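Q: I would like the atomic coordinates for the input below:
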Amino acid sequence: MVLLSASAQAIEEAISKCALCEYIDKPFVKHHVYHKWLPREVKVLAIGESPPPSKKESFFYNLRLFDRLRLSMRTILEFEGSGDDLLRTLRKRGVFITAAVKCRPLDRKRVADMCKACTHILEKEIALLRPSRVIAMGNTASQALSIVLKLAERYPVRQLYKTASGNLEVAFTPHPNYIFRFRRDLAKKVKSYLLE
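A: You can find the predicted model right below:
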């Protein structure tokens, strides 16, 4: 494994040390996400909601198991390669997929409270990675990003909505799993925003 950059190390350490919530595990640490998949330069920080709740092992970066988010992202990005290839391509393009909630929740009911408790880590992640573009994918991500950026309103996640916060390009969109199931008409717009 490559050595962690100081920024990646600080984020991983913040996740490791956080004990604000009751949780099952810490998949971003467990699967060495910041070691393996963090681009050298993060151009786009895409924020999902949380690792799948309950005692599951599925997770976007756990390539040993099926993951719905990874399937949805492959569909949205029109990507035909393996999960490994998808993650390598995202890393090469400067796109990093993170989550508003870093730890695996015991159940779905706890996600909203965990999201509020976890905003300090997302704030640190944005400050250290310094992306030029951030996209909140889903309601939980929208809530977290609105808190971190101190936005006056929480933007709707029914369409792809673009705005700015200082020099940071910001977008809000439905969760990729929702786009996969119900709003494939948004897929090309989301793909363009992530990869352009």
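
Q: hang on, T163 is in a helix, isn't it?
A: No: read with DSSP: H, G, I helix; E, B strand; the rest coil, T163 is strand and lies in no helix.

Q: that one against E153, yeah?
A: No: under the criterion of C-beta atoms under 8 Å, T163 is not in contact with E153, lying 9.8 Å apart. Where C-beta positions appear, they are placed from N, C-alpha and C, glycine not excepted.

Q: of the two, who's got more company?
A: T163 (13 against 7; other C-beta atoms under 10 Å).

Q: so who does the more buried one touch?
A: L151, Y155, V170, A171, F172 (C-beta atoms under 8 Å, 6 or more residues apart in numbering).

Q: show the buried residues in the residues you listed.
A: Neighbour-count burial (16 or more other C-beta atoms under 10 Å) is assigned, among the contacts of T163, to Y155, V170, A171, F172.

Q: so the second one: helix, strand or coil?
A: Right, the one you point to is V170. strand.

Q: helices of the protein, start to end?
A: Along the chain, counting by DSSP state H, helices occupy 6-17, 27-30, 33-36, 68-76, 83-93, 111-129, 139-148, 176-182, 187-195.

Q: out of these, which gets nearest to Q159?
A: Among the helices of the chain, the nearest to Q159 by C-beta to C-beta is helix 187-195 (8.5 Å).

Q: just how off-centre is the closest one within its chain?
A: 15 Å (C-alpha atoms, centre = their mean, to the nearest Å).

Q: and if you look at stretch 72-91?
A: 15 Å.

Q: and stretch 66-73, by the same measure?
A: 13 Å.

Q: which parts of it are buried?
A: D67, L69, R70, S72, M73.
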